[in-house]
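Student: No letters, just coordinates:
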């Protein structure tokens, strides 16, 4: 009986030592909103609404198919707008570089060019929410003499 107890004790001790010495797999820390936005994967316009009504028709068709890629870098955030299959002008460049900045606390996305040209757009872009597959931004637009909030959804 004593030898059975010793054997069980040794097995239990071995298990405790073995399990205790295994380090948990280190998982990557959660990404910041800026890192998700600047993942280097192209975003494309999915929807644009104001007061729950689609305003996509106010955006030129040649802009609707643009691909917008943000690159998150410690030295400064850059990006590229690809005109997509439909260019607005024959002489327009297919690719346009831009710089961007995102303030996590205010949720303001500053871009040094119009990444999506909306008629009557005023003020900065506000990030409403961001995930690995969806970027929802808002901007005030002036339509028919009134200022309204437009919500644009970009997807990968």
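Tutor: Noted; the coordinates are in hand. It should be emphasised that the depicted structure is a prediction, and the values quoted were computed from it without experimental measurement. Numbering: from 1, shown residues only.

Student: hmm, who's touching stretch 110-118?
Tutor: Contact partners of stretch 110-118, identified using Cβ atoms under 8 Å, 6 or more residues apart in numbering, comprise 45, 48, 55, 58-60, 63, 66, 68, 79, 81, 96, 98-103, 121, 124-125, 139, 141, 150, 152. Glycine gets a C-beta too; all of them are placed from N, C-alpha and C.

Student: Helices along the protein, start to end?
Tutor: When secondary structure is read from DSSP state H, the chain shows helices at 2-21, 33-37, 61-64.

Student: Could you give me the buried positions within stretch 74-82?
Tutor: 77, 79-82 (16 or more other Cβ atoms under 10 Å).

Student: Return the item of those residues having minimum pLDDT.
Tutor: When those are sorted by pLDDT, the bottom entry is residue 77 at 93.

Student: in the sheet, who's paired with the residue lying closest to it once chain neighbours are set aside?
Tutor: Of all residues beyond its chain neighbours, the one nearest residue 77 is residue 100 (4.8 Å), with distances taken as Cβ to Cβ, 6 or more residues apart in numbering. The partner list for residue 100 in beta bridges (DSSP bridges) reads residue 77, residue 111.

Student: cool, residue 47 as well?
Tutor: Assigned bridge partners for residue 47, using DSSP bridges, are residue 153.

Student: okay, now residue 36: neighbour count?
Tutor: As a burial measure, the neighbour count of residue 36 was computed by other Cβ atoms under 10 Å and equals 20.

Student: Apart from its chain neighbours, what residue comes closest to it?
Tutor: residue 130 (5.2 Å).

Student: Wait, that neighbour touches residue 33, no?
Tutor: Yes: shown here, residue 130 and residue 33 form a contact pair, counting by Cβ atoms under 8 Å, at 5.0 Å.

Student: So what does residue 59 have for phi and psi?
Tutor: The main-chain torsion angles of residue 59 are listed as degrees, to the nearest 10 and equal phi -100, psi 130.

Student: Begin at 356, not 1, for the rest of this chat.
Tutor: OK, 356 is where the count begins now, so the last one is residue 414.

Student: Identify the residues contacting it.
Tutor: With contact set as Cβ under 8 Å, 6+ apart, residue 414 has these partners: 400, 403, 471-473.
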